[in-house]
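Asks: Turn this into a structure:
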Amino acid sequence: MSTLKIHNLETAPEESVPFLERSLKANGRIPGLHGVLAGAPGLLEAYQTLHRLFTSSSFKKEELTVVWQTINVEHECHYCVPAHTGIANMMKVDPAITEALRNGQPMPTEKLQALHALTLSIVRNRGHVSDMELEAFYANGYEERQLLEIILGLSQKVISNYVNHIAGTPVDTVFEKYKWDAATAQTN
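Replies: Coordinates of the predicted model:
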């Protein structure tokens, strides 16, 4: 059982307070993950910076969702799958995309499927991908920039997924209706 603390503005190390204040301003609350990350100010800063950089990448909102959720589901993150389901809804991403990702089903377009497949291969194979996989990715309109941006998204998700596994971070109340469990996902 984890003993990682979920910090707030009063309990966080002083260096984490500005980052928690940023979370509070952006979300109207401090997400549980951010509270845990606050225990190491540099980690919270890194996570927020990677999030900002990834959301500013060349990916559209549907593509951001595909990268995030592909990684979250593969890592079986009990916290991030529901959180990113809610975030996708707020971003007005087609719910069919989110449900397919949550349940291990094919994407609705070849392009999104190519993004999902390469992201999954990068995660599963620790960055070792074949020329054939890269050719399929590029054949669907992606370029070297997007390949590298998948790794940017993966960097963010490794922080959140791994910390949530160790901390057992409770799903935020706002995302409870999207709870997810790898064992009960409707995979094909």
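Asks: Now do Q186, the pLDDT please.
Replies: pLDDT, Q186: 59.
Asks: cool, M1 as well?
Replies: If you check M1, the pLDDT there is 55.
Asks: Ok, A182 next?
Replies: The predicted local confidence for A182 is 86.
Asks: what about the nearest residue to it once chain neighbours are set aside, which SS state?
Replies: Leaving aside its sequence neighbours, A182 sits nearest to E76 (CB to CB, 6 or more residues apart in numbering; 4.1 Å). Quick note: C-beta positions are derived from backbone N, CA and C, even for glycine. Recorded secondary structure, E76: coil (DSSP: H, G, I helix; E, B strand; the rest coil).
Asks: Flag the shaky bits of this protein, pLDDT-wise.
Replies: Applying pLDDT under 70 to the chain flags residues 1-2, 186-188.
Asks: Any idea which residue is closest to the centre of it?
Replies: In the chain, the residue lying closest to the centroid (CA atoms, centre = their mean) is W68, at 3.7 Å.
Asks: contacting residues for it?
Replies: Under the criterion of CB atoms under 8 Å, 6 or more residues apart in numbering, the neighbours of W68 are C80, H84, I87, G153, K157.
Asks: again with A88
Replies: K61, T65, Q69, P95, I97, T98.
Asks: 7 Å instead, please
Replies: T65, T98 (CB atoms under 7 Å, 6 or more residues apart in numbering).
Asks: how much space between it and L118?
Replies: A88 sits 20 Å away from L118, going by CB to CB, to the nearest Å.
Asks: how far away is W68 from A38?
Replies: Taking CB to CB, one finds W68 at 21 Å from A38.
Asks: Could you pull out the helices in the protein for me?
Replies: 17-27, 32-37, 41-55, 61-74, 80-90, 95-102, 110-124, 131-139, 144-167 (DSSP state H).
Asks: which residues make contact with the shortest one from outside it?
Replies: Around helix 32-37, the neighbours that count as contacts under CB under 7 Å, 6+ apart are 4, 6-8, 20, 23, 43-44, 47, 79, 160, 163-164, 167, 169-170, 172.
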